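Undergrad: Here is the input, now give the coordinates:
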Amino acid sequence: MPIRPFEHHAPLIHPTAYLDDTAVVIGDVEIGQDSSVWPLCVIRGDIQSIRIGARTNIQDGTIIHVTHDSRFCPGGQATVIGNDVTVGHKVILHACAIEDYCLIGMGTIVMDKAVVQARVTIGAGSVVPPGKVLESGYLYVGSPVRQVRPLNDRELEFLEYSAQNYRRLKDRHRG
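TA: Numbers count the residues shown, from 1 in each chain. Next comes the predicted model:
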């Protein structure tokens with residue numbers, strides 16, 4: 001079963017969202033309007049919450065998890081993903097925050113308590129260290145990630161286009 005409760009939390013998935021049959025969503029997870037979760041993704045909100053906004057796409061093989069409450073992280077750490085975000089194939093998002101209109105490149109890892117501000121592009125294969133804040137409007141690449149340059153107008157426009165393209169694609173998959 002791809003949608004599973006955990007203890008007293010069950011996933012809340014908006015009726016217009018698309019969830020592939022091979023994706024797994026567990027526990028305290030909310031997925032917003034017109035969002036999509038593609039094959040072989042794991043979204044596990046068992047020990048903290050995961051919130052995914054509207055028109056956000058979580059592409060094939062991505063893993064999203066959280067951090068538990070402990071003396072090392074009092075209260076634990078949720079994962080929050082905003083609206084109109086494109087999360088590329090095989091990304092790991094762990095106990096972090098991704099604001100609106102971001103593109104997270106394929107194979108990227110975003111670690112605990114990192115914050116990716118709105119309108120950021122992260123290049124494929126990058127690693128965002130714990131607690132790092134990526135400033136809005138820039139391209140970041142590398143391991144560890146570093147700010148490369150401001151995004152140009154075409155790149156900023158692409159952030160919205162990408163989210164809308166996946167919104168249309170999920171409608172085609174829904175039939």
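Undergrad: Report the mean per-residue pLDDT for the longest strand anywhere in the chain.
TA: As assigned by DSSP state E, the longest strand anywhere in the chain is strand 42-52. Mean pLDDT, computed over strand 42-52, is 97.
Undergrad: Relative to it, what are the paired strands and their orientations?
TA: strand 24-31 (parallel), strand 63-65 (parallel), strand 79-81 (parallel) (DSSP bridges).
Undergrad: possible to save these as TSV with distance to residue 147?
TA: Where you see a C-beta, it was placed from the backbone N, CA and C, and this is true even at glycine. Converted to TSV, the strands paired with strand 42-52 look like this (distance: least, Cβ to Cβ, whole Å):
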stretch	distance to residue 147
strand 24-31	30
strand 63-65	24
strand 79-81	21
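Undergrad: For residue 22, grab the count of nearby residues.
TA: Other residues near residue 22 come to 12 when the count uses other Cβ atoms under 10 Å.
Undergrad: just checking, residue 91 touches residue 60?
TA: No - contact criterion Cβ atoms under 8 Å: residue 91 and residue 60 do not qualify, at 9.8 Å.
Undergrad: higher neighbour count, these two?
TA: residue 91 (26 against 17).
Undergrad: Which pLDDT value goes with that one?
TA: 98.
Undergrad: From residue 61, how far out is it?
TA: Going from residue 91 to residue 61 by Cβ to Cβ, to the nearest Å gives 8 Å.
Undergrad: you'd agree residue 165 is in a strand?
TA: No - Residue 165: not assigned to a strand; according to DSSP: H, G, I helix; E, B strand; the rest coil it is helix.
Undergrad: Spatially nearest residue to residue 79 (excluding sequence neighbours)?
TA: In this structure, residue 79 finds its nearest non-sequential neighbour in residue 50, 4.8 Å apart by Cβ to Cβ, 6 or more residues apart in numbering.
Undergrad: check contacts around that neighbour.
TA: 27-30, 43-44, 64-66, 78-81 (Cβ atoms under 8 Å, 6 or more residues apart in numbering).
Undergrad: With distance to residue 115 and neighbour count as extra columns, can I get the residues you listed in JSON lines?
TA: Output for the contacts of residue 50, formatted as JSON lines (distance: Cβ to Cβ, whole Å; neighbours: other Cβ atoms under 10 Å):
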{"residue": "27", "distance to residue 115": "23", "neighbour count": "21"}
{"residue": "28", "distance to residue 115": "20", "neighbour count": "22"}
{"residue": "29", "distance to residue 115": "20", "neighbour count": "26"}
{"residue": "30", "distance to residue 115": "19", "neighbour count": "18"}
{"residue": "43", "distance to residue 115": "19", "neighbour count": "26"}
{"residue": "44", "distance to residue 115": "21", "neighbour count": "20"}
{"residue": "64", "distance to residue 115": "16", "neighbour count": "26"}
{"residue": "65", "distance to residue 115": "17", "neighbour count": "20"}
{"residue": "66", "distance to residue 115": "15", "neighbour count": "25"}
{"residue": "78", "distance to residue 115": "12", "neighbour count": "17"}
{"residue": "79", "distance to residue 115": "11", "neighbour count": "25"}
{"residue": "80", "distance to residue 115": "9", "neighbour count": "19"}
{"residue": "81", "distance to residue 115": "12", "neighbour count": "27"}
